[in-house]
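Asks: Quick one, fold the following:
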Amino acid sequence: MMPPLTFLPVDLGRWDHSPGGDALVVHVWSNIRPLHGAAGLLDWRLCGRLSQLIRDGRVSGAPHEKLLLVTGRIPWRRVLVIGVGESTAFGEDEFRRAIDCSLEALRGIGANSVAIALPGRDLDLIRPDCAIGHFVDALIQNEADSGSWLERLTVIDAQSAAKAYSDAARAPTALRSDSAPFE
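Replies: Here you go, the predicted model:
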């Protein structure tokens, strides 16, 4: 069964007052600097630590690249950074692979209270309603394959996307859309 879905805007003040949890997932591109969206805000909170790891060559943003950080500067115990690849090659397949990679890594570290910024939303490469629809599909498939393991799930995005996520939390099966999800 899918866990309750909540929304959290890309806003440090709101992050600081959130219940936090086991892990925060952000996605990084191989060709976009500086970092945008939740990854950019996280980098700010970590005093440029993600940017430094990129400069040092420890993170490139290559597809399926994973980096796990432990930090006490945010309400989540760990940060999982997932590479998405080139933004110019982003589409439905890349979205799904990044989500599958994220879910596999989260399951592997035993995280059950998670916040995730969906890939492509930081650059508006996918509409929020379609992103959450594809994400819910991936969660349902993941649970069918691996059993239910998530207890709490928060999606992080721009405040302007809140309505799409609110609608998704009320009716997750009504999210499917075949109309140009990627722009």
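Asks: Give me the buried stretch members for stretch 147-160, please.
Replies: Across stretch 147-160, burial judged by 16 or more other CB atoms under 10 Å covers 150, 153-158. For every residue, glycine as well, the C-beta is placed using N, CA and C.
Asks: Quick one: mean pLDDT for it?
Replies: In this model, stretch 147-160 has a mean pLDDT of 92.
Asks: okay, how far is it across that stretch, tip to tip?
Replies: End-to-end span of stretch 147-160 (CA to CA, to the nearest Å): 33 Å.
Asks: Can you pull out the low-pLDDT segments for this structure?
Replies: Applying pLDDT under 70 to the chain flags residues 1, 169-183.
Asks: Give me the contact list for stretch 71-79.
Replies: Stretch 71-79 is contacted by residues 15-16, 18-26, 42, 45-46, 49, 68-70, 109, 111, 115 when judged by CB atoms under 8 Å, 6 or more residues apart in numbering.
Asks: Just the buried ones among the residues you listed, please.
Replies: Members of the contacts of stretch 71-79 classed as buried by 16+ other CB under 10 Å are 15, 18, 20-26, 42, 45-46, 49, 69, 111, 115.
Asks: tell me which of those is nearest to residue 5?
Replies: Proximity of those to residue 5 (CB to CB) peaks at residue 115, which lies at 11.1 Å.
Asks: That closest one: what's it in contact with?
Replies: Contact partners of residue 115, counting by CB under 8 Å, 6+ apart, are 8, 18, 20-21, 23-25, 76, 153-156.
Asks: Name the residue most distant from the centre of the protein?
Replies: Distance from the centre of the chain peaks at residue 56, with 23.5 Å (CA atoms, centre = their mean).
Asks: List the contacts of that one.
Replies: With CB under 8 Å, 6+ apart as the criterion, no residue contacts residue 56.
Asks: next one: phi and psi at it?
Replies: Dihedral pair for residue 56: phi -80, psi 0, per degrees, to the nearest 10.
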